[in-house]
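Student: Below is the sequence, then the predicted model.
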Amino acid sequence: MWSLPTAKRIDTQYLLACCGMLSAPLNDRFPGQSTFKGVITHTGLWPKGGVDLKGKRVAVVGTGATGIQVIQTIAPEVGR
């Protein structure tokens, strides 16, 4: 039994943390990445002030749960 001390006490038999084994950013993973002139960010290190994506051409690398959530969230504001 897990007892989770949140704003409300939750007692549960199962706890799914869903942290993702690839949540740590990987640097210089792709050829040319170190010389790329655009902005590269990792969802785990997303800037507090956000990223201005309005009208910009954006690529999302990764199609896991986080990638899908990012795509759905930014689609209305990006150019393509």
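Tutor: Great, that's in hand.

Student: From here on, just use CA atoms for contacts and neighbour counts.
Tutor: OK.

Student: Number of residues surrounding the nearest residue to residue 74 once chain neighbours are set aside?
Tutor: Closest residue in space to residue 74, ignoring its immediate chain neighbours: residue 53 at 7.6 Å, by C-alpha to C-alpha, 6 or more residues apart in numbering. Applying other C-alpha atoms under 10 Å, we find 15 residues neighbouring residue 53.

Student: Run through the residues that contact residue 53.
Tutor: 74, 77-78 (C-alpha atoms under 8 Å, 6 or more residues apart in numbering).

Student: Now do the strands in this structure.
Tutor: Shown for the chain, the strands assigned by DSSP state E span residues 2-5, 9-12.

Student: By mean pLDDT, show me the worst of those.
Tutor: Mean pLDDT across these is lowest at strand 2-5; the value there is a mean of 76.

Student: quick one on the thing from earlier: kindly reformat the strands of the chain as JSON lines and extend each row with mean neighbour count.
Tutor: As requested, those are exported to JSON lines (neighbours: other C-alpha atoms under 10 Å):
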{"stretch": "strand 2-5", "mean neighbour count": "10"}
{"stretch": "strand 9-12", "mean neighbour count": "10"}
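
Student: So which of those is nearest residue 41?
Tutor: Ranking the strands of the chain by proximity to residue 41 (C-alpha to C-alpha) places strand 2-5 first, at 31.6 Å.

Student: now the strands of the chain in CSV, with distance to residue 60?
Tutor: What follows is those, written out as CSV (distance: least, C-alpha to C-alpha, whole Å):
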stretch, distance to residue 60
strand 2-5, 34
strand 9-12, 35
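
Student: To residue 43, which of those strands lies closest?
Tutor: Closest approach to residue 43 among the strands of the chain is made by strand 2-5 (25.6 Å; C-alpha to C-alpha).

Student: who touches the least confident helix or strand in the chain by mean pLDDT?
Tutor: Lowest on mean pLDDT, DSSP states H and E among the helices and strands of the chain sits strand 2-5, with a mean of 76. Contacts with strand 2-5, where a contact means C-alpha under 8 Å, 6+ apart, come from 9-15.

Student: Name the pair among those with the greatest separation in space.
Tutor: The most widely separated members of the contacts of strand 2-5, counting by C-alpha to C-alpha, are 9 and 14 (14.6 Å).
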